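Participant: Task: produce atomic coordinates for the following.
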Amino acid sequence: MDTDDLRKFLKVAELGSIASAARTEGIDASTLSRQLAALETQLGTRLFQRSTRKMSLTEAGETFRSLLGPIMEDLDAARAAATAGVEQPSGLLRLTASHAFGEAVLAPLLAEFCENNPLIDIDLALTDDVIDLVSGQIDVGFRNGPRPTGDLVISKLLSTERRLVALPSYLRKSGLPQHPRDLEHHVCLTTSNAPQQQTWYFSKAAENIEVGVRAKVRTASTISLHRCVRDGLGLSLLVDWLVDEDIRRGSLVRVLADWSIAVGEGETAVWVVYPSRAFLPLKTRKFIDFVRERVSGGSIAGKSTGGVA
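Facilitator: Numbers count the residues shown, from 1 in each chain. Sure thing, here's the model as predicted:
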């Protein structure tokens, strides 16, 4: 049963005239009369009593109108709620990211985003586990490392590099490594969630070196590694967006800066992932575009998670 025909029935019932309703709807009266007749045929009952001078609702027609009116109002309200964010972004936006990226990059951007989009509320779930976006009802995820897999829309937000860093006081005490092999005599702090977390790969020109490091501390938490480095415990490989501000301020020193360093093969980056490209809500598109603009503009805030040790 076509909702447009139902609306026209209500309009005729309201005005008591096919001609008046047809003018209001901008259609021919004979067309509207045929549509009403077809509706009566579908229902198997007469809705209007017609005469040469007037038309009125039958008992069945009056009952149908009394029940249909609230249903159509609810339908209009449901449609309005579903499309409310099409012109002005609104509603709850559910995000997920690693603890490090969420605290270092996303959280410092939220105040500006919320000020510019007052009808959007944020639910930011920080976890170093991979959340299923669909079952978790997540709108946007930010994932670090190799390109994610799965039935998702995936795009690169930010290419990342790793920096070998240490506290200046640690280097004064233990010496500044001049070659990757020197790391065999240093305290190294590694991640426990990479495929080859205790092998670091160094390359420069035609020289490629694999260094097996003995980890004094291993943890899946990038924030904890950052904390340990800033406490002077040892050296660690940390992502650029987390430590570049520390290096710029001089609170951390970049070690073996003329070498490219990795913990595995393949490209590493920060990736934006979301479940579907179809009917992407405006609130979601707004946030993705906002973060892209801030990242590409080089204005990533809060790269250091806490004070300097």
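Participant: my read is residue 164 is in a strand, agree?
Facilitator: Yes. Secondary structure assignment (DSSP: H, G, I helix; E, B strand; the rest coil) places residue 164 inside a strand.
Participant: what about it, neighbour count?
Facilitator: When counting by other CB atoms under 10 Å, one arrives at 22 neighbours for residue 164. (Glycine included, C-beta is placed from N, CA and C.)
Participant: I'd guessed it sits against residue 234; true?
Facilitator: No. Look at residue 164 against residue 234 with CB atoms under 8 Å: they stay out of range, at 10.9 Å.
Participant: And the contacts of stretch 286-299?
Facilitator: The contact list for stretch 286-299, computed with CB atoms under 8 Å, 6 or more residues apart in numbering, reads 89, 93, 95, 105-106, 109, 113, 116-117, 120, 139-140, 157-158, 272, 274, 300-301.
Participant: per-residue pLDDT, the residue nearest the centre of the chain?
Facilitator: When CA atoms, centre = their mean is applied to the chain, the residue found nearest the centroid is residue 140 (1.8 Å). With respect to pLDDT, residue 140 has a value of 95.
Participant: My understanding was that it contacts residue 284; is that so?
Facilitator: Yes. The pair residue 140 / residue 284 is scored as a contact, 5.8 Å apart, by CB under 8 Å.
Participant: between those two, what contacts are shared?
Facilitator: Taking CB under 8 Å, 6+ apart as the contact rule, residue 140 and residue 284 both touch 93, 274.
Participant: OK, contacts around residue 46?
Facilitator: 40, 58, 60, 61.
Participant: and what of residue 159?
Facilitator: Remark: with contacts taken as CB under 8 Å, 6+ apart, residue 159 is in contact with 267, 268, 269.
Participant: what's the spacing between it and residue 100?
Facilitator: Computed with CB to CB, to the nearest Å, the distance linking residue 159 and residue 100 is 17 Å.
Participant: With residue 169 instead?
Facilitator: Distance, residue 169 to residue 100, by CB to CB: 23 Å.
Participant: Comparing those two, which residue is more hemmed in?
Facilitator: Using other CB under 10 Å as the criterion, residue 169 and residue 100 rank with residue 100 on top: 22 against 11.
Participant: Please identify which helix or strand holds that one.
Facilitator: Taking DSSP states H and E as the definition, residue 100 sits inside helix 99-101.
Participant: Downstream of that helix, the next helix or strand is which one?
Facilitator: helix 107-116.
Participant: so residue 189, which of the three states?
Facilitator: Looking at residue 189 with three-state DSSP, the answer is strand.
Participant: which residues touch the residue nearest to the centre of the chain?
Facilitator: When contacts are counted by CB under 8 Å, 6+ apart, residue 140 touches 93, 94, 95, 96, 272, 273, 274, 284, 287, 288.
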